[in-house]
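> Could you work out the structure for the sequence below:
(2 chains)
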Amino acid sequence: MNETLFSSLLRAIGVHLVYTVVSVSFGFLMGLLLGVLLSHLPRLSKVIFPILSIFNTVPGIVFIGLLFLWLNARPATVLIALSIYATFPVLKNTYAGLMAVDQQYKEAARGCGMDHWQRLSMVELPLAMPTIIGGLRISTVYTVSWAVLAAMIGQGGLGDFIYQGVSSNNNTLILQGAIPAAVLAFLLGSLVDALQRRAMPRGMRKAGDGQ
Amino acid sequence: MLRFDHITLHYGSQTILDDLSFEIGEGQFAVVIGPSGCGKTTTLKLVNRLIQPDSGHIYLNGQDIAEVDRVSLRRHTGYVIQQIGLFPNMTVHQNISVVPKLLKYSKEEQDRIVHELLELVGMPYDQYAFKYPSQMSGGQQQRVGILRALAASPPVVLMDEPFSALDPMTRRTLQQEMKSLQQRLNKTILFVTHDMEEALELADIIIFLDHGKLVQAASPEEMLEHPASGLIQDFLGKHQPARSSADLTAADFMRTGVSTIPIDHGIKESISKMQRRGVDTLIVVDHQGRYQGTVSIADIRLTGHVVNTIEPLIRCSTPVVEAGANAKDCFDELISSGFPYLIVLNPDRTIAGIITKTSMASAMAEHLWG
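Okay, here's the model as predicted:
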C-alpha cells in the first residue's frame, strides 16, 4: 500500500467518522427531545408516528439527492441528511421506552411530589434508558453505512473508494472502502454496547423490573 | 384534621362519589372499605390531588387542599401503593430519601432520616441501605415503601391496599408493624382495603362506602354491634359477634324438626311413626300444636294393648325449657336431669325443638370455630 493511498484512506476514515459521530450526536439529542415531547402528547404522537414511518421509508440516497438540490454540495448537506436519519431510531425507542415505564413507578413518582421534570429525570428516563440506548445503537450502525452516500455528492468519506471502485470496476478499491466501513460500524456498535451496559440502572441489571 | 365536605365526582354519566362527607381526627387510623368500584381508592387519591372532585372540599388541618400547590401537597402527604412502586434504579437509601431530597433537606439530614427509619422497622442500615429493591423480598420492599412515605414526617399518610399483594404471613406481620408505627409516630392514616379482617385489625374508624356513598363511619366495635346495612353485615361475615356466651339461648343450641304427634292419634299410628323416624319417643301436641307431653315405645309395649289412643300414656316428666332460656342453664339441666334431651318451647307453648347432647356439642363447636 503506497503512502498516498494510505493517507487518503486515513483521511477518508476520519471524514467518515466525523460525519457519523456528528450526525449521530445531533440525531440522538433530537430523537431524545422529540421522543420525550411526543410521550407527553399521546394524541399528537398517534398522528405523527405514521407520518414519520412513511418518511422513514424514503431511501437515504433519494433524500440526500433532494437536499443537494436545495443546499448544494457541502458537508452541511450530508450532516443534515444523516442527522435526520439518525433521529428516527432514537425517537422511536425513546417514545417506546417512556411509554413502557410501569404505571406503578409513574404513580409513585407523582405521589412523592415530583414535578414533570423530576419525574422524567429521576425515574422515567433512567428506567427507559436501556431502550433509548438500544435506539442509539441502531442509529450508529446505520449512520456508518448511510455516510457512504456523502461521496455521491462529492463530500468524501469511505464512499469515495466504493464509488470509484464501482465506476472503474476495481474490486480492490471497493474493498478498501467497504472493509474500513464495516470495521467502523462494528467498533462504534461495540462502543454503544458498552454504554448500554452502563446505562442499565444497577438495580435492574439482574432481576428485570425489580418486582 | 382531615375532613371531606360534600365531595362529588362523576366520570361521564357515572357517579363515582356521591356527596361524600366524613371527618378523621388527628392520629386516627381510618380504614376505607367497600365492595370493588365503591370509590375507595378514588377517595384516597383525592387527598393528594391525583384526582380532582367535581364539587365539594377537602380540608386538611382546616385548609382547603384545592388551594395548596399540588406538588407541595404531595411532598407533605405520605403515599403507599399496592404495587409498592419502589424506584428500581435507586437503592433503599435513595428511595427513602426521595421526598426529603425533593424538599432539599441537607445530605446529613437525609442520612439521619434513613438511619432512623430503617432502625424503626428492624432493618439494619449496613445490611439494607444500599440494596436495590430487586434484591429484597416483597415484604421488605413494602416496609421500605412505607418508610419512603414517612420520610418527610407527613401529618397524613395515604395507603392504597398496601398489603394485599403480600403473602398472608408477611401481611400479618406488616399490619402489626404498621399499627405500632402509627401509634408511636402518632400519624393520621387513611388506609384503603377490601379486607374486613384487616380493617377490624387496624382501624380506629372504619369508613364503609358503597357506590360512592358513605354507608357507615364507625369504630370497629360499633360497626360489629350495629352494622348499618345488610351489605356491611355480609362484609363482616364471620367477624360478626361472636356474641358473648352469656347471650346464647336455648334456641341457639336446639335441634329443630322433631317428631310430634297429635294427642288424639292412635297407638298404631304412633308406632309406625316411631318406626319411620327411627325414634323411641314422640312429642305429643294438641290441635294448636301446643306441648302436651311425650309418649314412649316402652309405655306402649307395656300398656298399649288396653288403650286405643295415646292420651293415657302421655308422660310429662321430660324437662321443658323456654326458647329464650339461658344456654348454660339448659346445659346444666340436661346434664343433671339425666334425660337424653330437653324440650324447647316457644312462648305460646308450641314446640321449638329439642336440645340433645349432640346438638349442644355441635352448636358449641360452631360457636368456637365458626
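
> Report the buried residues of the worst-scoring helix or strand of chain A on mean pLDDT.
Every helix and strand in chain A was compared by mean pLDDT, DSSP states H and E; the lowest is helix A:60-71, with a mean of 80. Neighbour-count burial for helix A:60-71 flags A:G60, A:F63, A:I64, A:L67, A:F68 (criterion: 16 or more other C-beta atoms under 10 Å in any protein chain shown). Heads up, the C-betas are built off the backbone N, CA and C, glycines and all.

> Tell me which two in those residues are the farthest apart.
A:G60 and A:F68 (12.1 Å; C-beta to C-beta).

> so what does the helix or strand following the least confident helix or strand of chain A touch, helix or strand wise?
Scanning forward in sequence from helix A:60-71 by DSSP states H and E, the next helix or strand is helix A:75-99. Judged by 3 or more C-beta pairs under 8 Å, 6 or more residues apart in numbering or on different chains; DSSP states H and E, helix A:75-99 is in contact with helix A:3-39, helix A:42-56, helix A:60-71, helix A:125-146.

> Rounded mean pLDDT for the longest one, please.
Meaning helix A:3-39. Regarding helix A:3-39, the rounded mean pLDDT is 91.

> Equivalent analysis for stretch B:150-170, please.
Averaged over stretch B:150-170, pLDDT sits at 91.

> For that stretch, what is the distance to the chain centroid?
Relative to the centre of its chain, stretch B:150-170 is centred 20 Å away, using C-alpha atoms, centre = their mean, to the nearest Å.

> same check, this time on stretch B:273-287
That offset, for stretch B:273-287, works out to 43 Å (C-alpha atoms, centre = their mean).

> Would you mind measuring the gap between the ends of that stretch?
18 Å (C-alpha to C-alpha, to the nearest Å).

> tell me which element residue 190 is part of?
I'll assume chain A. A:S190 belongs to helix A:171-199, assigned by DSSP H and E.

> my bad, the chain I had in mind was chain B
Taking DSSP H and E as the criterion, B:L190 maps to strand B:188-192.

> which secondary structure elements does that strand contact?
Under the contact definition 3+ C-beta pairs under 8 Å, 6+ apart, strand B:188-192 sits against strand B:29-33, helix B:40-47, strand B:156-160.

> which residues touch stretch A:111-121?
For stretch A:111-121, contacts defined as C-beta atoms under 8 Å, 6 or more residues apart in numbering or on different chains pick out A:36, A:40, A:106, A:109-110, A:122-123, B:48, B:50, B:71-77, B:79, B:81, B:85, B:98-99, B:102, B:148, B:158.

> do stretch A:148-165 as well
Here stretch A:148-165 makes contact (C-beta under 8 Å, 6+ apart) with A:9, A:11-13, A:15-16, A:19, A:60-61, A:64-65, A:68, A:73-75, A:77-78, A:81, A:147, A:170-178, A:180-181, A:184.

> Tell me the buried residues within those residues.
A:9, A:12-13, A:15-16, A:19, A:60, A:64, A:68, A:75, A:77-78, A:81, A:147, A:173-174, A:176-178, A:180-181, A:184.

> For chain B, list the residues in contact with chain A, please.
When proximity is defined as C-beta under 8 Å from any C-beta of the partner chain, chain B approaches chain A at B:48, B:50, B:71-77, B:79, B:81, B:83-91, B:98-99, B:102, B:132-135, B:148, B:158.

> Restricted to strands, list those.
Residues of the residues of chain B next to chain A located in strands (DSSP state E): B:T77, B:Y79, B:I81, B:L158.

> Pull up the gap between B:L202 and B:Q182, please.
8 Å (C-beta to C-beta, to the nearest Å).

> what's the overlap in contacts for these two?
With C-beta under 8 Å, 6+ apart, B:L202 and B:Q182 have common neighbours B:F29.

> List the contacts of residue 89.
Assuming you mean chain A. A:G31, A:G135, A:L136, A:I138, A:S139, A:Y142.

> Please refer instead to chain B.
Per C-beta under 8 Å, 6+ apart, neighbours of B:N89: A:V123, A:P126, A:L127, A:P201, A:R202, A:G203, A:M204.

> and the nearest residue to it once chain neighbours are set aside, what are its phi and psi?
Spatial nearest neighbour of B:N89, chain neighbours left out: A:P201 (3.2 Å); criterion: C-beta to C-beta, 6 or more residues apart in numbering or on different chains. When quoted as degrees, to the nearest 10, the phi and psi of A:P201 stand at phi -60, psi 140.

> just checking, A:P201 touches B:Q94?
No - A:P201 lies out of contact with B:Q94 (C-beta atoms under 8 Å); the separation is 10.8 Å.

> So which of these two has more stuff around it?
The neighbour comparison of A:P201 against B:Q94 (other C-beta atoms under 10 Å in any protein chain shown) goes to B:Q94, with 20 against 17.
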